[in-house]
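S.K.: No sequence on hand, only this structure:
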């Protein structure tokens, strides 16, 4: 990412990321009565961390009406497969039932992009698994 972008947006994105992670952990504690070891495993999950960092970026950029960075660029910058982001989408959306409707629609558009296009690109996890299933039959 460009240095100017990082210097201008790194702190608010990090704060949004921390807030999202805090909400996730609080929800998990309420729902599962998690043990401390399980909480550590959740926090150490690299794909979840990257997904939530992308969500933090999306929320921050949307709030500032910035359209310069695509979801594909964010996935590439963090080396996160589209399928991994898609697989955390419902967990993210349920964190805050009071998300503004326009932001919710924006996030749903991103989910559609992931579902209709990005997870089907060559050599993605979904395509590889389908090839294995087809090869077995």
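M.R.: Happy to help now that I have it. Values in this document were obtained by computation on a predicted structure and should not be read as measured data.
S.K.: pLDDT on stretch 77-86, on average?
M.R.: Mean per-residue pLDDT for stretch 77-86: 88.
S.K.: May I have the distance across it, first residue to last?
M.R.: Chord length of stretch 77-86, first to last residue, is 16 Å (CA to CA, to the nearest Å).
S.K.: close enough to count as contact, residue 115 and residue 86?
M.R.: Yes - counting by CB atoms under 8 Å, a contact exists between residue 115 and residue 86, whose distance comes to 6.5 Å. For every residue, glycine as well, the C-beta is placed using N, CA and C.
S.K.: Those two: which has the busier surroundings?
M.R.: For residue 115 versus residue 86, the count of surrounding residues by other CB atoms under 10 Å is larger for residue 86: 19 against 15.
S.K.: what number of residues lie near the residue nearest to that one when sequence neighbours are not counted?
M.R.: Nearest residue to residue 86, sequence neighbours excluded (CB to CB, 6 or more residues apart in numbering): residue 114, at 4.2 Å. Neighbourhood size, residue 114 [other CB under 10 Å]: 21.
S.K.: Now do residue 114 against residue 107, distance only.
M.R.: Distance of residue 114 to residue 107, computed by CB to CB, to the nearest Å: 11 Å.
S.K.: joint contacts of those two?
M.R.: In terms of CB atoms under 8 Å, 6 or more residues apart in numbering, residue 114 and residue 107 are both contacted by the residues residue 89.
S.K.: What are the buried residues along the longest helix belonging to the chain?
M.R.: Ordering each helix of the chain by length in residues (DSSP state H) puts helix 3-32 first. Residues of helix 3-32 classed as buried: 9, 12-13, 16-17, 20-21, 24 (neighbour count, 16 or more other CB atoms under 10 Å).
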